[in-house]
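J.: sequence? don't have it. structure:
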C-alpha cells in the first residue's frame with residue numbers, strides 16, 4: 001500500500017496559497033481540506049500536471065466560506081462590488 005500512496009505535511013500558508021492557485025488556474029473554489037490534497041498532489045507531481053490524478057475533498061467550500069472566499073480572492077471582489085452598488 002505504501003507504494004500506492006503519498007502523503008506530506010502541509011503548512012497553513014501553503015494550503016491558503018493552494019486555494020488561490022486552484023481558483024486562478026481553473027475558477028474552482030476549494031476548501032482547506034481539498035487545498036491540502038492539492039498541495040500534496042502538486043508536490044508529488046513536482047508542478048507538472050500532465051497526468052490524470054484525483055484529490056478528494058472532505059467538505060465543500062460553503063463549510064468554510066470566509067477562508068475559501070478570502071484565499072481565492074472572491075472576498076475582495078464581492079466587497080468591491082458591494083461598494084459600487086447603485087443607489
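T.: Arrived safely. These figures come from a predicted structure and were not determined experimentally.
J.: looking at this structure, which helix or strand is least sure?
T.: Here the helix or strand of the chain ranked lowest by mean pLDDT, DSSP states H and E is helix 74-83, holding a mean of 46.
J.: got the buried residues for the longest helix along the chain?
T.: Looking across the chain with DSSP state H, the single longest helix is helix 12-26. By 16 or more other Cβ atoms under 10 Å, the buried positions in helix 12-26 come out as 14, 15, 16, 18, 19, 21, 22, 23. C-beta coordinates here come from the backbone N, C-alpha and C atoms, glycine included.
J.: ditto for stretch 41-52
T.: 41, 42.
J.: for it, measure first residue to last.
T.: 11 Å (Cα to Cα, to the nearest Å).
J.: residues making contact with it?
T.: 6, 8, 18, 21, 53, 55 (Cβ atoms under 8 Å, 6 or more residues apart in numbering).
J.: how near is the fourth one to residue 11?
T.: Distance, residue 21 to residue 11, using Cβ to Cβ, to the nearest Å: 15 Å.
J.: can you check residue 42 too?
T.: 14 Å.
J.: next, count neighbours for residue 57.
T.: 16 (other Cβ atoms under 10 Å).
J.: ok, the residue lying closest to it once chain neighbours are set aside to residue 6 distance?
T.: The shortest distance from residue 57 to any non-neighbouring residue, by Cβ to Cβ, 6 or more residues apart in numbering, is to residue 34 (3.5 Å). Remark: distance between residue 34 and residue 6 (Cβ to Cβ) = 16 Å.
J.: kind regards, and thank you for your time.
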